[in-house]
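Asks: A structural model of the following input is requested.
(2 chains)
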Amino acid sequence: MNVKFNGRTVEIEEQNVSLYDFLLSKQFELGRLVVELNFEIAPREKWRDIILKDNDTIEVLRFVGGG
Amino acid sequence: MEDKLVIGGRELRSRLFIGTGKFSSNEIIPSIVKSAEAQVITVALRRIDFESKDENILNYIPDDCIIMPNTSGARNADEAIRIARLARAAGCGNWIKIEVVSDNRYLMPDNIETIRATEVLAKEGFVVLPYMSPDLMAAKRLKDAGAAAVMPLGAPIGTNRGLRTKELVKILINEIDLPIIVDAGLGKPSEAAEAMELGAGAVLVNTAIATAGDPVKMAKAFSLAVKAGRMAYFSGTGTVKEYAEASSPLTGFLLDK
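Replies: Here you go, the predicted structure:
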């Protein structure tokens, strides 16, 4: 299946991949980042329970320098 | 009496807020924060870049600081609201600097959209600090909308042009019963002092420190200037006069025979 991740299409081959697993596979430092799934905030405590579906849109954001 | 700035229920010792953009590297940020004696630090929210492995800026900001994410990139109230909610979900508290800009040349804030965003976010419990063009009516509406402070620009973002909006900022200081924080455009410590002498509650500085030859020393210089300006404000500046008035006694003994 394909998901849209930060604007790019990404193929996921495995089945039943949770949002948490997906983020881990990207080797993100998972502290203090924020995830939007299909334009709604995905609360951190639900990341393990959310199973990704075909055509899901995932946005992963974090803080950078700014004024 | 200790002179503290209270915003959103927090007592602040420091009246120099700093931004974290444009620094040569994140490693320098802790020294900047220390040197500036800053307590409120702005950051921005961005999509994670696949290729770049640069670390989260929050790792470089001391834990006792207040993180104030901005909504930069937002072109209207709805986008600002979306960014604010995301920032809060990232778990860094509930302060937000509203920044709504759709003008790419001068990056001038859209006061009307900013008021709309402030209204919604203040109701949701955010401590809202809106960046705005210094207009009295807009500032009044921001206050009514629940802003915790009002942040007029001194000059366009990143220009280092100084307190060009002085007369208008002064009106806000006189008329708005909220801390007025001069944000954007201040290029030199003397300009920060000027804002503080006027009665600004604080100043927010980024570019002037980040792009200085020695940013750590410049952070210190700004910190001293902000303190000096604040002290001068409380001391009451003297009257401006047209003609000279001697400071030394003009005893006429040279003429006396």
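Asks: Every contact and neighbour count from this point should use C-alpha atoms.
Replies: Will do.
Asks: As a check, name the ranges of all helices in chain A.
Replies: A:19-25 (DSSP state H).
Asks: give the contact list for B:Asn206.
Replies: A:67, B:18-22, B:158, B:184 (CA atoms under 8 Å, 6 or more residues apart in numbering or on different chains).
Asks: What subset of these is buried?
Replies: A:67, B:18-22, B:158, B:184 (16 or more other CA atoms under 10 Å in any protein chain shown).
Asks: Output the residues you listed in CSV, with pLDDT, secondary structure and distance to B:Ala210 appended to each entry.
Replies: Compiled in CSV, the buried ones among the contacts of B:Asn206 are given as follows (pLDDT from 0 to 100; DSSP: H, G, I helix; E, B strand; the rest coil; distance: CA to CA, whole Å):
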residue, pLDDT, secondary structure, distance to B:Ala210
A:Gly67, 93, coil, 10
B:Ile18, 97, strand, 10
B:Gly19, 96, strand, 9
B:Thr20, 95, coil, 8
B:Gly21, 93, coil, 7
B:Lys22, 93, coil, 6
B:Gly158, 92, coil, 10
B:Ala184, 94, coil, 13
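Asks: Of the residues you listed, just say which sits nearest to B:Met137.
Replies: Among the buried ones among the contacts of B:Asn206, B:Ala184 lies closest to B:Met137 (CA to CA), at 20.2 Å.
Asks: hang on, isn't the closest one packed against B:Leu163?
Replies: No: using CA atoms under 8 Å, B:Ala184 is not in contact with B:Leu163, being 9.0 Å away.
Asks: Tell me the buried residues in stretch A:25-43?
Replies: A:32-37, A:41-42.
Asks: Tell me which strands the longest strand seen in chain A pairs with, and in which orientation.
Replies: Ranked by residue count, the top strand of chain A under DSSP state E comes out as strand A:57-65. Looking at strand A:57-65 with DSSP bridges, its partner strands are strand A:2-5 (parallel), strand A:33-37 (antiparallel), strand B:40-47 (antiparallel).
Asks: okay, it in CSV with CA atoms only?
Replies: Output of strand A:57-65 as CSV, limited to C-alpha atoms (Å, rounded to 0.1, in the frame of the first residue of the first chain):
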residue,chain,number,x,y,z
THR,A,57,-1.6,11.2,4.6
ILE,A,58,1.0,11.5,7.3
GLU,A,59,2.7,14.8,8.3
VAL,A,60,5.5,14.6,10.7
LEU,A,61,6.7,18.0,12.1
ARG,A,62,9.2,19.2,14.6
PHE,A,63,10.7,22.4,15.9
VAL,A,64,13.4,24.2,14.1
GLY,A,65,15.1,27.6,14.6
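Asks: ok, and what's touching it?
Replies: Outside strand A:57-65, the residues that reach it (CA under 8 Å, 6+ apart) are A:3-7, A:32-39, B:19-23, B:42-48, B:56-58, B:69, B:90.
Asks: swap in stretch B:56-76?
Replies: Applying CA under 8 Å, 6+ apart, the external contacts of stretch B:56-76 come out as A:62-67, B:26-27, B:29-30, B:33, B:38-45, B:80, B:83-84, B:87, B:92-93, B:95-102, B:110, B:113-114.
Asks: Run the chain-centre distance for that stretch.
Replies: 14 Å (CA atoms, centre = their mean, to the nearest Å).
Asks: List the buried residues in it.
Replies: B:56-58, B:61, B:66-76.
Asks: again, but for stretch B:85-105
Replies: B:85-90, B:92, B:94-101.
Asks: Is any residue of it near chain A?
Replies: Yes: Stretch B:85-105 reaches chain A (CA under 8 Å from any CA of the partner chain) through B:86-87, B:89-92.
Asks: Tell me, how many residues neighbour B:Ile176?
Replies: 18 (other CA atoms under 10 Å in any protein chain shown).
Asks: Run through the residues that contact it.
Replies: B:139-140, B:143.
Asks: try B:Thr114
Replies: Under the criterion of CA under 8 Å, 6+ apart, the neighbours of B:Thr114 are B:76-77, B:98-100, B:130-132.
Asks: one more time with 7 Å
Replies: B:77, B:98, B:100, B:130 (CA atoms under 7 Å, 6 or more residues apart in numbering or on different chains).
Asks: Let's see the pLDDT reported for it.
Replies: pLDDT, B:Thr114: 98.
Asks: got the buried residues of stretch A:25-43 as a markdown table, with pLDDT and distance to B:Glu167 columns?
Replies: Shown next, in a markdown table, are the buried residues of stretch A:25-43 (pLDDT from 0 to 100; distance: CA to CA, whole Å):
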| residue | pLDDT | distance to B:Glu167 |
| --- | --- | --- |
| A:Arg32 | 77 | 41 |
| A:Leu33 | 85 | 41 |
| A:Val34 | 90 | 41 |
| A:Val35 | 93 | 43 |
| A:Glu36 | 93 | 43 |
| A:Leu37 | 94 | 46 |
| A:Ile41 | 93 | 42 |
| A:Ala42 | 93 | 46 |
